[in-house]
Every structure is written in C-alpha cells, then in structure tokens.
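[1] Kindly return the folded structure for what I paste below:
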Amino acid sequence: MTEEPFDPLVRFAEIERLVSRLYYRFSHLFFDRPEIRDFWWEMAKEEEQHACILNACRAVIENYEDERLDPAISPGKAEELTERLRVFLHRGTASLGVEEAFRIALEIESSEIDVIYGKLLQLGGPKISKTMENLGVPASAQRLRLKLALRQFCSNQELLLAAERL
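    Modelled structure (predicted):
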C-alpha cells in the first residue's frame with residue numbers, strides 16, 4: 001500500500017474540523033447557560049468555516065507549479081497538532097467546567113494552528129489570501145471574541161492574563 005503524499009491544505013482542514021468538534025462539544029456542556037452555549041457554538045461554526053476555506057484554497061491553487069511550502073508546514077507538525085486535539089476530544093468533556101473549557105481553547109488558539117493556517121492561505125498569493133480571509137471570520141477576530149468571552153465568563157487571573165497574550 002502506498003502512502004498518499006502529504007497535502008497540508010487537506011490535513012490542516014482536518015485539524016480545523018477537530019477544533020470545531022471540540023468546540024461543539026463545549027457548547028453541549030452548557031445548555032443551561034445560553035450565552036456560553038451560543039459562544040461555543042459560534043466558535044465551532046467558525047472553525048468549520050476555516051476548514052472549508054482551506055479546502056476552497058486548495059481547489060484554487062491546485063495547479064500552481066511555482067509554490068513551495070514553508071518547512072513549518074510538515075506532516076510531523078500536522079500529526080503533532082492532530083494528536084493534541086485528539087487527546088482533548090477523548091478526554092471526556094462531561095465534567096468540564098467553564099474555566100477548563102476556556103483553558104483548552106486558549107491552548108488551542110495560542111498554538112501554531114493559526115500561524116500555519118495563515119501561511120496556508122498565503123500560498124495562493126495576496127489576492128487569494130484576501131478573498132479567502134473575507135469569506136470567513138479572521139483568526140484575529142476570533143481571538144478577540146475569545147478574549148471578550150473570557151473576561152465575561154471567567155474570573156481566573158491566570159486565564160485572563162493568558163488571554164491578553166493571544
């Protein structure tokens with residue numbers, strides 16, 4: 001059996017979907033708290049949107065011959081991020097509190113995922129990158145929403161400080 005070549009756009013779209021699944025789970029934890037539930041639901045939708053954008057970007061640049069990938073975008077990095085997300089998904093979220101959910105989100109949002117996502121969008125050049133960014137919620141806007149939600153729903157000073165560093 002031959003292994004398919006590494007396609008960073010496909011792999012990182014899968015990673016964005018894993019993040020989305022995790023945030024959907026968070027939304028289900030807080031059915032009794034509509035503001036928090038809706039926040040996580042929106043975050044999940046935005047991550048799914050990022051996956052769709054990466055797939056659209058792949059379709060647009062599929063036939064480009066002169067593009068080279070940044071070495072930071074590697075199969076090893078994709079596998080490392082995937083495994084970290086799977087650990088969170090398999091952890092059993094039923095007992096997670098609000099602050100633990102935000103702690104996990106901060107770890108994800110401050111990881112390399114957004115940096116790599118940005119590099120992947122840049123593969124298509126400035127016009128495609130801008131078009132793709134306009135199609136979805138930019139990571140910077142999503143981080144701002146996370147910061148605002150943290151301020152609203154958490155009192156843990158460590159988390160609030162971590163949010164400011166995003």
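
[2] Could you report the neighbour count for R165?
    8 (other CB atoms under 10 Å). For the C-beta atoms, the positions are set from N, CA and C on the backbone; glycine is no exception.

[3] which non-adjacent residue is nearest it?
    Spatial nearest neighbour of R165, excluding adjacent residues (CB to CB, 6 or more residues apart in numbering): S110 at 7.2 Å.

[4] residues in contact with that neighbour?
    A162, R165, L166 (CB atoms under 8 Å, 6 or more residues apart in numbering).

[5] isn't the last one right up against R145?
    This means L166. No: at 10.7 Å, L166 does not count as touching R145 under the criterion of CB atoms under 8 Å.

[6] Output the below-cut-off pLDDT ranges for the protein.
    Scanning the chain for pLDDT under 70 picks out the ranges 1-3, 62-72, 92-94, 120-121, 123-139.

[7] hmm, 80 instead?
    1-9, 57-74, 91-95, 111-141, 166 (pLDDT under 80).

[8] helices and strands around the lengthiest helix in it, which ones?
    Using DSSP state H to assign secondary structure, the helix with the most residues in the chain is helix 34-61. Using 3 or more CB pairs under 8 Å, 6 or more residues apart in numbering; DSSP states H and E, the elements in contact with helix 34-61 are helix 8-29, helix 98-109, helix 113-122, helix 126-135, helix 139-153.
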